[in-house]
Each structure stands twice: as structure tokens, then as C-alpha cells.
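Engineer: Structure here, sequence nowhere to be found:
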């Protein structure tokens with residue numbers, strides 16, 4: 001086993017998921033498109049690092065160094081950082097300076113580096129400090145409500161909060177859900193019908209663009225390590 005990758009969901013409305021990863025040797029992992037930004041804390045050879053990761057609009061390959069341990073937070077769509085435009089993080093990220101094994105610096109303050117079980121406490125502190133914010137209109141839209149403002153205003157505020165259009169978020173989330181259903185054994189035809197794809201070639205193109213896997217690879221658990229919440233929580 002070269003890479004151990006695990007994901008858990010969170011009860012916090014600010015967090016989508018918390019993940020951990022441990023690498024035994026140098027390897028690579030398929031980076032799946034995602035509508036969420038995150039914080040990643042990792043150590044290797046006694047050195048600590050903290051990064052802000054942005055939403056990803058396409059699949060790619062991420063290198064994983066040997067002997068590294070990671071704890072990551074994927075924030076709920078619509079959550080954003082005060083003072084940092086969401087658009088600046090799309091398909092990129094920021095390495096935070098002045099990180100130690102115990103603390104990191106964000107938004108002008110120093111915070112204790114969390115373990116996997118401490119993430120919610122950290123996020124609660126960031127919310128109280130006003131470092132994490134969210135637009136209530138975006139939350140209403142995500143719940144299916146129709147705000148009493150123009151569509152152009154909704155789109156502008158949605159993009160400001162997420163860095164993405166509503167259409168891009170829907171396409172990315174749909175492809176990720178399709179991958180999870182296929183990995184669990186769902187027939188491609190059923191996934192097409194359930195998620196509103198035009199046909200199986202349309203589904204295949206979306207998987208190639210956003211997930212980096214074919215239907216067959218998802219069913220067989222093939223293709224190497226992948227950063228996605230599939231049935232196989234341990235990937236090699």
C-alpha cells in the first residue's frame with residue numbers, strides 16, 4: 001500500500017468533509033475536479049506545511065511525496081475567506097508562510113494546527129473571528145430557493161462566493177456523484193437517467209474531464225489512487 005486516503009463527513013455547516021492521507025513512498029494521485037476550496041496541513045521529514053487549495057475545474061495529477069502525512073478540510077460550497085477573492089484560488093492555491101508543527105498563520109492571526117478530530121473546533125474559531133464568511137443568498141440558492149433579486153445578481157454573488165458559475169458547480173458535482181454511483185456498482189444507463197446525462201457518451205466525456213476515469217476503471221477500482229469519496233476508502 002503506497003497511499004492511504006480516508007474521508008469523513010462533518011456535521012459543521014461550514015465543512016463538507018475532512019480527509020487524511022499517509023504516503024509510504026513517492027507516488028501520484030488523480031486530482032478530481034471539485035467545487036470547494038480547502039485547507040491542507042502536512043508534514044514530511046519533520047517539516048510542517050499549510051496550503052490553501054482552490055476549486056478545480058478539471059482533473060489532473062497531483063504528486064505525493066514519500067513519508068508525508070496530511071490532514072485536509074474541504075469547505076462547504078459558498079464558504080469563503082475574508083479578504084481573499086474566491087476567483088484567485090480557482091485551479092490554484094496559496095502556500096501559507098510561517099508554519100510550524102504546532103501552529104499556522106491565516107488572516108493575520110496564528111492558529112493551532114488541527115489533527116483530524118480537531119478540525120471542527122478550528123473552523124468554529126475561524127467563524128467567530130470572521131475569517132470564514134458566507135453569503136446567505138448563495139446558501140439559499142444551493143437549497144433550491146429563488147431569491148427576490150435578478151438572475152444576474154444571483155450569478156454575480158454566486159461567483160464572488162465560490163469563484164465558479166452555478167453551471168460549473170452543477171457539472172462538477174454531477175460528475176463526482178456519477179463516479180461514486182459507478183464505483184458502487186451502478187449501471188451506466190441508470191446513472192445517465194438518474195443524473196440527467198444525454199447518453200452514455202455524454203457521461204463518459206464528463207468523467208474524463210472532471211474525474212479522470214472511465215466507467216470501467218471506476219467499476220474495477222483501477223487507475224491508481226484518486227482523491228474521491230468512493231467505496232474503496234483505501235487506495236493504492
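Structural biologist: Structure received. For clarity, every value in this text was computed on a predicted model and none was experimentally measured.
Engineer: In this protein, where's the longest helix?
Structural biologist: The helix that spans the most residues within the chain, counting by DSSP state H, is helix 166-183.
Engineer: Report all helices and strands that that helix contacts.
Structural biologist: Packing partners of helix 166-183 (3 or more C-beta pairs under 8 Å, 6 or more residues apart in numbering; DSSP states H and E): helix 151-162, helix 188-195, helix 200-210, helix 215-220. For the C-beta atoms, the positions are set from N, CA and C on the backbone; glycine is no exception.
Engineer: Name the residues that touch that helix?
Structural biologist: 32-35, 57, 77, 141, 154-155, 158, 162, 164, 188, 190-191, 194-197, 203, 206-207, 209-211, 213, 215, 218-219, 221, 228-232 (C-beta atoms under 8 Å, 6 or more residues apart in numbering).
Engineer: Just the buried subset of those residues, please.
Structural biologist: 32-35, 57, 77, 141, 154, 158, 162, 164, 188, 191, 197, 203, 206-207, 210-211, 213, 215, 218-219, 228-230 (16 or more other C-beta atoms under 10 Å).
Engineer: how about the strands of this structure, start to end?
Structural biologist: For the chain, the strands defined by DSSP state E cover 3-9, 15-23, 27-31, 38-44, 47-53, 60-64, 68-75, 79-81, 93-96, 103-106, 109-112, 132-134.
Engineer: any idea how far residue 81 is from residue 179?
Structural biologist: Going from residue 81 to residue 179 by C-beta to C-beta, to the nearest Å gives 28 Å.
Engineer: same thing with residue 158?
Structural biologist: On the measure of C-beta to C-beta, residue 158 and residue 179 end up 24 Å apart.
Engineer: same deal with residue 84?
Structural biologist: Applying C-beta to C-beta to residue 84 and residue 179 gives a distance of 29 Å.
Engineer: Quick one: low-confidence residue ranges for the chain.
Structural biologist: Scanning the chain for pLDDT under 70 picks out the ranges 1-2, 26, 229-236.
Engineer: go with 80
Structural biologist: Counting by pLDDT under 80, the chain contains low-confidence residues at 1-5, 24-27, 225, 227-236.
Engineer: which residue sits farthest out from the middle of it?
Structural biologist: Within the chain, residue 148 marks the point farthest from the mean C-alpha position, 30.0 Å out by C-alpha atoms, centre = their mean.
Engineer: and that one, what does it touch?
Structural biologist: Taking C-beta under 8 Å, 6+ apart, we find residue 148 in contact with no residue.
Engineer: quick one, which of residue 84 and residue 179 is more surrounded?
Structural biologist: residue 179 (26 against 16; other C-beta atoms under 10 Å).
Engineer: any idea how far that one is from residue 70?
Structural biologist: 21 Å.
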